[in-house]
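S.K.: quick one, fold the following:
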Amino acid sequence: MVIRNPFIHTGVDYVIFPKKDIKDIAQLTEKDAPYLVDAYLVARHLIEEKKLTDYRFYTNGPEYQDVTYLHFHLMAI
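M.R.: Below you'll find the model as predicted:
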């Protein structure tokens, strides 16, 4: 699942959520690999569709998250 971050008013910030409720990256297991691959493929699709070249793709640890589940940011200028 992907949404555009409603709190960002400049640039682009897509928030990508795996289809499984995982609290943070430290909770990952080998069985979660398909959910991570899917999240990366969603990011790849957005990069190609929006023709992004100057972007960052990252996740934060629990102390830096505003929400309490694993998600990724795809940010571009």
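
S.K.: and the helix or strand in which Met75 is found, average pLDDT?
M.R.: Using DSSP states H and E, Met75 sits in strand 72-76. Across strand 72-76, pLDDT averages out at 96.

S.K.: check stretch 28-47 too.
M.R.: 97.

S.K.: what's the offset of it from the middle of its chain?
M.R.: Its chain's C-alpha centre and that of stretch 28-47 lie 9 Å apart, by Cα atoms, centre = their mean, to the nearest Å.

S.K.: show me the helices in this protein, by range?
M.R.: 33-49 (DSSP state H).

S.K.: list the buried residues in stretch 10-27.
M.R.: Neighbour counts over stretch 10-27 (16 or more other Cβ atoms under 10 Å) mark Val12, Asp13, Tyr14, Val15, Ile16, Phe17, Pro18, Ile22, Asp24 as buried. Where C-beta positions appear, they are placed from N, C-alpha and C, glycine not excepted.

S.K.: those in strands, which ones?
M.R.: Using DSSP state E, the subset of those located in strands is Val12, Asp13, Tyr14, Val15, Ile16.

S.K.: surely the fourth one is in contact with Val2?
M.R.: Yes. In this structure Val15 lies within contact range of Val2 using Cβ atoms under 8 Å: 6.9 Å.

S.K.: quick one: common contacting residues for these two?
M.R.: Among the neighbours of Val15, none is also in contact with Val2 (Cβ atoms under 8 Å, 6 or more residues apart in numbering).

S.K.: so which of the buried residues of stretch 10-27 comes closest to Glu30?
M.R.: Ile22 (12.8 Å; Cβ to Cβ).

S.K.: and the gap between the closest residue to that closest one other than its chain neighbours and Asn5?
M.R.: Spatial nearest neighbour of Ile22, excluding adjacent residues (Cβ to Cβ, 6 or more residues apart in numbering): Leu70 at 4.2 Å. Remark: distance between Leu70 and Asn5 (Cβ to Cβ, to the nearest Å) = 16 Å.
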